[in-house]
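[1] Sequence plus predicted model, see below.
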Amino acid sequence: MKIALGTANFGQKYGLAGKIIKSDKKIKKIIQFANNSKIKLIDTSNNYGSSETLLGNNNLKNFKIITKLKISNDEKKSNNLENIVFNKVEESLLKLNIKKLYAILLHESNDLKSNKRHKLIKVLKKLKKRNLVSKIGISIYNPKELNFIWPFWKPDIVQCPFNILDRRIYESGWLKKLKKNKTEIHVRSIFLQGLLLQNEKSMPRKFKKWKNIFKKWNNYCKKENISKIQGCINFIKSFKKISFVIIGFENIKQVKNIISYFENDRKSYTTIACNDIRLIDPRLW
């Protein structure tokens with residue numbers, strides 16, 4: 001299991017706290033620290049505001065870069081789908097100031113629900129043949145999406161949410177199945193966009209309906225004498241089938257803390273979990 005830098009909040013608001021990182025100086029320090037800490041993967045998207053451009057202002061030669069492809073409904077219907085995809089990839093390469101991507105992921109499985117899905121997959125495979133990317137894959141929100149995708153496409157990489165409350169990728173059996181297929185498993189939202197790190201008293205009112213869950217979580221961390229960040233990381237470290245963990249952060253101090261917690265040997269975790277989609281899917285907040 002390795003750490004990857006998540007950059008969704010580079011130049012735009014993202015997550016519960018909504019802290020934006022847009023200072024070139026701060027980003028440069030983060031990139032340099034990540035390089036010195038042997039973090040070699042950076043996750044971004046052409047839909048993350050100015051993230052690609054901000055990253056491209058740095059020397060990324062020691063990093064593998066993953067970006068995601070956002071395709072509009074009109075673009076999916078276009079007869080020039082291949083040109084559209086290639087242009088988007090070329091644009092990302094230009095912004096990032098690199099010649100090749102480690103991987104490109106479809107931003108969502110809905111992109112494969114049109115009658116152009118086979119054409120789209122063919123285009124992604126052509127990107128590999130042209131040596132513009134090493135791997136192709138998809139970002140999902142629910143493991144049920146894989147039930148639809150798997151019969152016609154076995155992606156090289158699957159990125160999915162996974163945390164103490166949201167255990168669907170494990171409980172569905174897909175974590176094991178993906179590993180058996182030698183598919184890289186990249187997990188994100190290990191802090192549930194910062195919600196799992198919130199103080200009970202300062203938590204937004206809309207989450208009060210799940211106060212019993214957060215009370216159990218808070219009590220567990222107190223009992224184990226660990227921080228909530230450490231508790232979240234202990235959980236993730238218990239699943240050896242994961243290839244990369246994408247971490248979100250607001251500053252370099254948090255990056256340093258997260259790395260130190262990953263280096264800690266503790267791996268125990270609580271059985272607290274939740275199946276309420278209104279809580280575990282941030283899109284519904």
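    Looks like it arrived, so ask away. Residues are numbered from 1 along each chain as shown.

[2] ok, residues contacting stretch 153-163?
    For stretch 153-163, contacts defined as CB atoms under 8 Å, 6 or more residues apart in numbering pick out 43, 66, 103, 105, 112, 121, 135-141, 143, 146, 149, 168-170, 178, 181, 183-192, 196, 232, 235-236, 239, 242, 246, 280-281. The way it works is simple: take the backbone N, C-alpha and C, and place the C-beta from them, glycine included.

[3] What mean pLDDT does that stretch get?
    Mean pLDDT, stretch 153-163: 98.

[4] Over to stretch 91-110?
    96.

[5] In the stretch 1-150 of the chain, where is pLDDT below threshold?
    1, 15, 17-18 (pLDDT under 70).

[6] residue ranges for the helices of it, please.
    Counting by DSSP state H, counting those that start in this stretch, one finds helices in the stretch 1-150 of the chain at the ranges 24-36, 51-56, 73-77, 81-96, 117-129, 144-149.

[7] Okay, strands next: where are they in this structure?
    Taking DSSP state E as the test, the strands found in the chain are 2-6, 41-43, 64-69, 101-106, 133-139, 157-161, 184-188, 244-247.

[8] CSV please, covering those strands and showing distance to Cys221 and mean neighbour count.
    Formatted as CSV, the strands of the chain follow (distance: least, CB to CB, whole Å; neighbours: other CB atoms under 10 Å):
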stretch, distance to Cys221, mean neighbour count
strand 2-6, 21, 20
strand 41-43, 27, 24
strand 64-69, 31, 24
strand 101-106, 33, 24
strand 133-139, 29, 22
strand 157-161, 21, 25
strand 184-188, 20, 22
strand 244-247, 19, 22
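
[9] Make a markdown table from the ones you listed and add distance to Lys26 to it.
    Compiled in a markdown table, the strands of the chain are given as follows (distance: least, CB to CB, whole Å):
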| stretch | distance to Lys26 |
| --- | --- |
| strand 2-6 | 13 |
| strand 41-43 | 15 |
| strand 64-69 | 19 |
| strand 101-106 | 24 |
| strand 133-139 | 26 |
| strand 157-161 | 25 |
| strand 184-188 | 22 |
| strand 244-247 | 16 |
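
[10] now for those, which one comes closest to Ala273?
    Across the strands of the chain, Ala273 has its closest neighbour in strand 157-161 (13.2 Å, CB to CB).

[11] between the closest one and strand 2-6, how many degrees?
    In terms of direction (axes from the mean of the first three to the mean of the last three CA atoms, to 10 degrees), strand 157-161 departs from strand 2-6 by 70 degrees.

[12] Restrict strand 157-161 to CA atoms and write it as PDB.
    Output of strand 157-161 as PDB, limited to C-alpha atoms (Å, rounded to 0.1, in the frame of the first residue of the first chain):
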ATOM      1  CA  ILE A 157      -7.300   0.700 -12.300                       C
ATOM      2  CA  VAL A 158     -10.400   1.200 -10.200                       C
ATOM      3  CA  GLN A 159     -10.600   4.200  -7.800                       C
ATOM      4  CA  CYS A 160     -13.200   4.100  -5.100                       C
ATOM      5  CA  PRO A 161     -14.200   5.500  -1.800                       C
END
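
[13] who does the most centrally placed residue in the chain bridge with?
    The centre of the chain sits closest to Arg188, judged by CA atoms, centre = their mean, with a distance of 3.7 Å. Under DSSP bridges, the beta-bridge partners of Arg188 are Pro161.

[14] circling back: to Phe214, which of the strands of the chain lies closest?
    Among these, strand 157-161 comes nearest to Phe214, with 17.9 Å by CB to CB.

[15] where's that closest one relative to the chain centroid, distance-wise?
    With CA atoms, centre = their mean, to the nearest Å as the basis, strand 157-161 stands 7 Å off its chain's centre.

[16] Averaged pLDDT, stretch 204-223. What do you get?
    pLDDT averaged over stretch 204-223 gives 94.

[17] Can you tell me what sits against that stretch?
    Against stretch 204-223 from outside (CB under 8 Å, 6+ apart): 16, 164-165, 195-196, 198, 200, 203, 227-228, 230-231, 270, 272, 274, 276, 279, 285.

[18] For that stretch, list every residue counted as buried.
    207, 210, 213-214, 217-218, 220-221 (16 or more other CB atoms under 10 Å).

[19] So which of the strands of the chain is nearest Ser92?
    With CB to CB as the yardstick, what comes closest out of these is strand 64-69 (4.9 Å).

[20] which neighbours does that closest one have in its sheet, and in what orientation?
    In the sheet, strand 64-69 lines up against strand 41-43 (parallel), strand 101-106 (parallel) (DSSP bridges).

[21] Thanks again, I'm all set now.
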